[in-house]
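Undergrad: After the sequence you'll find the predicted model.
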Amino acid sequence: MQITLTVNGEQRELEVTPYTRLLDLLREDLGLTGVKEGCGKGECGACTVIMNGELTASCLVPAPQADQAEIITVEGLGTRDNLHPIQESFVEAGAVQCGYCIPGMVLAGKRLLDENPKPTEKEVRYGLSGNICRCTGYAKIIDAVMLAADKLAVEGSDSND
Amino acid sequence: MMRKSPMKQESRQTISGVDFKEYFQPESIQKALEIRAEYGDQIEVAAGSTDLLVANYEKLHEIKYWLDLVKLDQLKKIEVIDNELHIGAMVTHLQLMKSDLIKKNLAVLAAAAEDVGSPQIRSRGTIGGNICTSSPAGDLLAPLLSYGASFKLQSTEGERIVKAEEFFTGPKRNSMETDELLTEIIIPLTDNKREGSWIKVGRRKALVISTLTLAVVLEFEGEKIVKAGIAMGSVAPTPVRLKGIEAVMVDQKLTDLDYKALGREVKASINPIDDLRGTKEYREDVAVDVMVRALKEIERKVSS
Amino acid sequence: MTDQSKRIKDYFCKHTTRCTIEGVKKSKRFVGHDVLKADAWDKVTGDAVYPDDISFDDMLYIKIKRAVHPHAILKDIDISRAKKVQGVVDIIVAEDIPDVRQFGLIIRDQPVLIAPGEKMRYMGDALAIVVAETKEAAKKARDLIKVKVEELEVITDPFRAMEDDAPNIHPDGNIVITHHLNRGDVDTAFKDSAIVEENRYQTQFIDQLPMQNEAGVALYDERHGVVDIWAATQWLHDTQADVAQSLRLSKDQVRIIQPTIGGAFGKKEDVSVHIHLAIAAMRTGRPVKLCFTREESMITQSKRHPITIINKTGVDRDGYLTAWETKFIGDTGAYASSGPAVVHKGMYHATGPYNCPNLRGVSHAVYTNNTYAGAMRGFGTAQGAFAYEQQMDILAHKLNMDPAEFRLKNIYKKDSITPNGQQLTHSVNAEETIKRVMELSDWKGGRK
């Protein structure tokens, strides 16, 4: 069966089966391997994407349910040479270790800051509560999101001047 | 043979090409009911899929028939009709926790929705799915019982309204027929002052299946309690409403009640089991404490 | 400068190389600087290539049929129905690979596939390798494999395993290894002690739970006779040697290429997907991929050892440790893995960072039918720390002494000698650490 969806701003028409998960569709059909599978059961957040504006575990979405959806993956944020401020903050805050949770963390952080540009630490923790990291103990990941909030605020005020 | 260097997967755009004719994504309730009538319990009903895909992990390909309700926009509304709140079955947990109507009128339900899973789960998981999965640990179920909710079940033959406490019949079992779909959740509103408390006990704050839940909803006329709804999850084969304790509280002033004694009543009224989320003994002890905590919280809210 | 931009600048000072701290002499490049992680850019953009991210156009997928009982003799394995599943390319059972040898980190006690007449020893043992065109076909075929077994007593408790009438899980018995420790005159010291405290401690299985499950891709170059394996390992050279000996290849015929590792924490010291991948690639001549599910990873690969620790500790009236006796029994599960080394190291750390002149210890790694235990952060010392710190608290309590003061009396200092006879000649900061913690936590004493 055929579905149409927009991935990182680009419209795609794709042939899928009901047992294709959105995760498989993104990774295998579209080559967006920044979307990771850690548990396959919505527990770890490694497969997080932003779907129609909300954080979504792509391992729990049958591909046909993504028909007409708008999807953002980590690949849609920025590139090596042109990082999104939140990606830059993860690099600078030393928030990255094995890196497997990072695409999901970056997207969860972005989604949080889109809605709440000046979060408290508690709000950051709540915003990232669906993402598990086994390396860092979270401290520097939270630092990274706070740092990104500051950067985006400065960026915003600069462009206003 | 040629050796290829490993690289990131290129877009291939063909994994099946097989045309699945029996994946249905109807856009009208009538059409959905017809499909449900034809396939009965052979068909997997998909709402937010957050339970369905966990239960069928590694064997998704074995599901033959799908009834996907995701395009039934009629079931994604929250509205007031004749002093009743009607919540569509496809309303997500995220919608519940953000809706002003729910926050204002059903604060305990909004609080429970906020405690479900994680942001990633709340954005997809639905109230209808939570009800139809009928897990004794389903977080929305105790609040629905406390608010005296009813469920509208529809089939091609017509519709019926079932009270929440009559709907759940066992762990992951309910009284829905195989040709029926849950379409709406109906909760009576009131002009009285309503205060409540939601307590979830689990091993973590996020992504945890509850060890025990308690929802208390009290309606006041002046200082007098005129209606009480007390329900718990994960303490019996189904979520349970504790009507005996509700009866004790009605017509009393909150501050005249002995919270600790009510807590002990709660402990005596439940029938928990040992499982990997907690022992029977633990749950019974915690039940006493959470009841006291809930009543103190309501007392604080009422007095402020 | 706004507050916010100052905060960002402070952050750079803390975390990057872009500014220097005045007054501190620094090297020109790295030492003394905070350095940004070289691969962080790849990881924040999703560019980093982990094992599951590698694939080839004509790649086949592998699923493993695993044990159906934790301790049983395999009587028969029937793959006839499974072979008929559309898309199945090969199903490999033990009789197809008669020359393949057992593998293992320290003791080569792990079979690659269980043959009829042999025993499965835990739920993770592999019975067949299913290779198919799609993941779905591989799963379907795996679930159609029929197995007959003769069930044996399942041993889940190492103390049961050590009893005389317990069935042997491996031919040489259930005690994999025994280590001893002896220093000074323990018996006399206990006799002369003011207080002697004996307690039994038990720790549990813990999964290292790296975010990425074991996964890999392999490719066989028939012309050169070389198999390439892209899969994570913590010991590249050791895994290569073990895979090579198991497959009776020379080491230069096995190339292990390390992709980005999605966490390991000890779990990826053991061979996981590697040998099965190599066998499937060599038999089919096509690229193959094998990814464990989370359940498979938990059932199949190593854990932190559950250890029973019996500590007997003597102390004199002034609060100095006099003698310490420890028994250290590690449940290493169905296979030895790093077990022999873990219980060895754990025992030598039985007294933690505390001086004690008279020591006696014994440690065993014991086979059971549990999932095998291996390396995890600390390698036996974390379990020991739980036990010795409890001992210290209990003794302080009995002495009516502040537990911090009691620790300071006994803490390692420069020139202290550890249980294995090592003299600490420099950089012993334990005393300073305790004092600093007391200061930072505003410690007010902990006398009962």
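TA: Looks like it arrived, so ask away.

Undergrad: tell me the contacts of the residue in the stretch 151-300 of chain B positioned nearest to chain A?
TA: Residue nearest to chain A within the stretch 151-300 of chain B (CB to the nearest CB): B:Ala206, separated by 3.6 Å. All C-beta spots, glycine's among them, are computed from the backbone N, C-alpha and C. By CB atoms under 8 Å, 6 or more residues apart in numbering or on different chains, the contact set of B:Ala206 is A:129-130, B:117-118.

Undergrad: Next, the contact list for A:Ile86, please.
TA: A:77, A:106, A:109-110, A:113, A:144-145, A:148, A:152 are the contacts of A:Ile86 under CB under 8 Å, 6+ apart.

Undergrad: Apologies, that question was intended for B:Lys296.
TA: B:Tyr259.

Undergrad: For the stretch 101-250 of chain B, give me the ranges with low pLDDT.
TA: Regions of the stretch 101-250 of chain B meeting the criterion pLDDT under 70 are absent.

Undergrad: all helices for it, in order.
TA: Using DSSP state H, counting those that start in this stretch, the helices of the stretch 101-250 of chain B run over B:107-114, B:119-122, B:127-133, B:141-146, B:164-167, B:243-249.

Undergrad: I would like a ChimeraX command selecting only the buried ones among the contacts of B:Ala206, please.
TA: Typed into ChimeraX, the line below selects the buried ones among the contacts of B:Ala206, using 16 or more other CB atoms under 10 Å in any protein chain shown:
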select /A:129,130 /B:117,118
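
Undergrad: among the contacts of B:Ala206, which two are most distant?
TA: Farthest-apart pair in the contacts of B:Ala206 is A:Ser129 and B:Gly117; separation 9.2 Å (CB to CB).

Undergrad: shared neighbours, those two?
TA: B:206-207.

Undergrad: Domains in chain A, by residue range?
TA: Listed by automatic domain parsing, the domain ranges of chain A are A:2-76, A:85-160.

Undergrad: just to revisit the earlier point, which of the contacts of B:Ala206 lies closest to chain C?
TA: Using CB to the nearest CB, the contacts of B:Ala206 come closest to chain C at A:Gly130, 13.8 Å.

Undergrad: rewinding a little: kindly reformat the domains of chain A as JSON lines and extend each row with mean pLDDT.
TA: Shown next, in JSON lines, are the domains of chain A (pLDDT from 0 to 100):
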{"stretch": "domain A:2-76", "mean pLDDT": "96"}
{"stretch": "domain A:85-160", "mean pLDDT": "95"}
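
Undergrad: Figure out which of those is closest to B:Gln25.
TA: Among those, domain A:2-76 sits nearest to B:Gln25 (CB to CB), with 6.3 Å.

Undergrad: Quick one: end-to-end distance for that closest one.
TA: 23 Å (CA to CA, to the nearest Å).

Undergrad: In CSV: the domains of chain A, plus distance to B:Ala231.
TA: CSV is the format used below for the domains of chain A (distance: least, CB to CB, whole Å):
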stretch, distance to B:Ala231
domain A:2-76, 26
domain A:85-160, 25
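
Undergrad: near chain B, which residues of chain C?
TA: Residues of chain C lying close to chain B (CB under 8 Å from any CB of the partner chain) are C:49, C:53-57, C:136, C:139-140, C:217, C:219, C:221-223, C:228, C:230, C:257, C:259, C:285, C:287, C:293.

Undergrad: Go back to the residues you listed and keep what's next to chain A.
TA: C:49, C:53, C:55, C:136, C:293.

Undergrad: which among those residues end up buried?
TA: C:53, C:55, C:136, C:293.

Undergrad: what about the residue nearest to the third one when sequence neighbours are not counted, how many residues close to it?
TA: To tie it back to what came earlier, the one meant is C:Glu136. Leaving aside its sequence neighbours, C:Glu136 sits nearest to B:His61 (CB to CB, 6 or more residues apart in numbering or on different chains; 4.3 Å). Number of residues near B:His61 (other CB atoms under 10 Å in any protein chain shown) recorded here: 17.

Undergrad: just B:Lys152 next, same as before
TA: 18.

Undergrad: Which neighbouring residues are in contact with the residue nearest to it when sequence neighbours are not counted, exactly?
TA: Computed as CB to CB, 6+ apart, the closest residue to B:Lys152 that is not its neighbour in sequence is B:Glu184, at 4.0 Å. Going by CB under 8 Å, 6+ apart, B:Glu184 touches B:75, B:86-89, B:151-152.

Undergrad: Pretty sure C:Pro340 sits in a helix.
TA: Yes. Applying DSSP: H, G, I helix; E, B strand; the rest coil, one finds C:Pro340 inside a helix.

Undergrad: My guess is it contacts C:Val366. True?
TA: No. The pair C:Pro340 and C:Val366 does not pass the contact test of CB atoms under 8 Å, sitting 10.9 Å apart.

Undergrad: and stretch C:423-435, average pLDDT?
TA: Stretch C:423-435 shows a mean pLDDT of 94.

Undergrad: Residues contacting that stretch, please?
TA: Contacts of stretch C:423-435 (CB under 8 Å, 6+ apart): C:353, C:404, C:407-408, C:411-418.

Undergrad: Are any of the residues you listed buried, and if so which?
TA: By 16+ other CB under 10 Å, those give C:353, C:404, C:407, C:411-412, C:416 as buried.

Undergrad: dump the residue contacts of the residue nearest to C:Glu136.
TA: A:17, A:19, C:136, C:139-140.

Undergrad: Generate a markdown table for those residues, with distance to C:Ala373 and secondary structure as supplementary columns.
TA: Formatted as a markdown table, these follow (distance: CB to CB, whole Å; DSSP: H, G, I helix; E, B strand; the rest coil):
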| residue | distance to C:Ala373 | secondary structure |
| --- | --- | --- |
| A:Thr17 | 40 | coil |
| A:Tyr19 | 36 | coil |
| C:Glu136 | 34 | helix |
| C:Lys139 | 29 | helix |
| C:Lys140 | 33 | helix |
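
Undergrad: So the nearest residue to C:Met298 once chain neighbours are set aside versus chain B, what's the distance?
TA: In space, and not counting its chain neighbours, C:Met298 is closest to C:Asp207: 5.5 Å by CB to CB, 6+ apart. According to CB to the nearest CB, to the nearest Å, C:Asp207 and chain B sit 15 Å apart.

Undergrad: who's in contact with C:Asp207?
TA: Contacts of C:Asp207 (CB under 8 Å, 6+ apart): C:267, C:298, C:303-304.

Undergrad: With just CA atoms, put stretch A:33-48 into PDB.
TA: Output of stretch A:33-48 as PDB, limited to C-alpha atoms (Å, rounded to 0.1, in the frame of the first residue of the first chain):
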ATOM      1  CA  THR A  33      19.900   5.800  10.100                       C
ATOM      2  CA  GLY A  34      20.200   8.600  12.700                       C
ATOM      3  CA  VAL A  35      16.900   7.100  13.900                       C
ATOM      4  CA  LYS A  36      18.000   4.300  16.200                       C
ATOM      5  CA  GLU A  37      16.400   1.200  17.600                       C
ATOM      6  CA  GLY A  38      17.200   0.500  21.300                       C
ATOM      7  CA  CYS A  39      14.300  -1.600  22.500                       C
ATOM      8  CA  GLY A  40      11.600  -1.600  19.900                       C
ATOM      9  CA  LYS A  41       9.000  -1.100  22.600                       C
ATOM     10  CA  GLY A  42       8.800   2.600  23.200                       C
ATOM     11  CA  GLU A  43      10.900   2.500  26.400                       C
ATOM     12  CA  CYS A  44      14.200   4.000  25.400                       C
ATOM     13  CA  GLY A  45      13.500   6.900  23.100                       C
ATOM     14  CA  ALA A  46      16.400   6.200  20.700                       C
ATOM     15  CA  CYS A  47      13.900   6.000  17.800                       C
ATOM     16  CA  THR A  48      12.400   9.400  18.600                       C
END
